[in-house]
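A.B. asks: starting from these lines, generate the structure:
(2 chains)
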Amino acid sequence: NSKVIQTPRYLVKGQGQKAKMRCIPEKGHPVVFWYQQNKNNEFKFLINFQNQEVLQQIDMTEKRFSAECPSNSPCSLEIQSSEAGDSALYLCASSRLGVYAEQFFGPGTRLTVL
Amino acid sequence: QQKVQQSPESLIVPEGAMTSLNCTFSDSASQYFAWYRQHSGKAPKALMSIFSNGEKEEGRFTIHLNKASLHFSLHIRDSQPSDSALYLCAVSLLPGTGSNRLTFGKGTKFSLIP
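C.D. replies: Predicted coordinates:
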């Protein structure tokens, strides 16, 4: 079973409010991913890190979204000014390095923006 | 940009049935192909993955890849109630180095006739 921990499990925010969620990757996994799964089950990759460094991110992430993975602290994803369209399940995944490394997912944070 | 499509959108079968789920992808440079299963309210969990043309069997599940056709599939035999879930196919361009993002299909909702 995956040991990726995500908090909180549920988050309710008003439009324009900040929304912050956290992820603790599996022990020994230096790579962390954030994905957004909408109500139609569409996954969107947001950003990934190797240790504290950003590997890849999409344009959306560069604007209202910010993320970090500080050493010895949980990774976090923050939406600066929430919009209704941000309502989704935010999934964190972690993996080892190396060829064919599997991504292990946490249970997600379900964000509802009213 | 990679497009990943799944069919069918939903599937209802009797217990003990054999069935197939399909996934097509658009980028011929793709090198890593996986099926994830997501039970309601739970984290997606990797079921099987494959990297080269052919097929691989693990228990009741078989994955088959045909890169020339830009297609891979998951075959489930002797369907069990615990198989009821959302099945997601995922593709990445790099061979699972752990740093490259997955592109997911929208999923097939699989359930057994009660």
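A.B. asks: dump the residue contacts of the closest residue to A:Ile79 other than its chain neighbours.
C.D. replies: Across the structure, with Cβ to Cβ, 6 or more residues apart in numbering or on different chains as the measure, the residue nearest A:Ile79 apart from its sequence neighbours is A:Ala19 (4.5 Å). (Glycine included, C-beta is placed from N, CA and C.) Applying Cβ atoms under 8 Å, 6 or more residues apart in numbering or on different chains to A:Ala19 gives the contacts A:11, A:13, A:78-79, A:82, A:86, A:111, A:113.
A.B. asks: what's the most distant pair in the residues you listed?
C.D. replies: A:Glu78 and A:Val113 (13.6 Å; Cβ to Cβ).
A.B. asks: follow-up on the earlier one: in strands only, show me the contacts of A:Ala19.
C.D. replies: Here DSSP state E is the test, and the contacts of A:Ala19 give A:11, A:13, A:78-79, A:111, A:113 as lying in strands.
A.B. asks: and the contacts of A:Ala19, which are buried?
C.D. replies: Buried by 16 or more other Cβ atoms under 10 Å in any protein chain shown: A:11, A:13, A:79, A:82, A:86, A:111, A:113, out of the contacts of A:Ala19.
A.B. asks: return the distance of whatever helix or strand A:Cys23 lives in from the chain's centre.
C.D. replies: A:Cys23 belongs to strand A:19-24 when assigned by DSSP states H and E. Using Cα atoms, centre = their mean, to the nearest Å, we find the averaged C-alpha position of strand A:19-24 to lie 7 Å away from the chain's own average C-alpha position.
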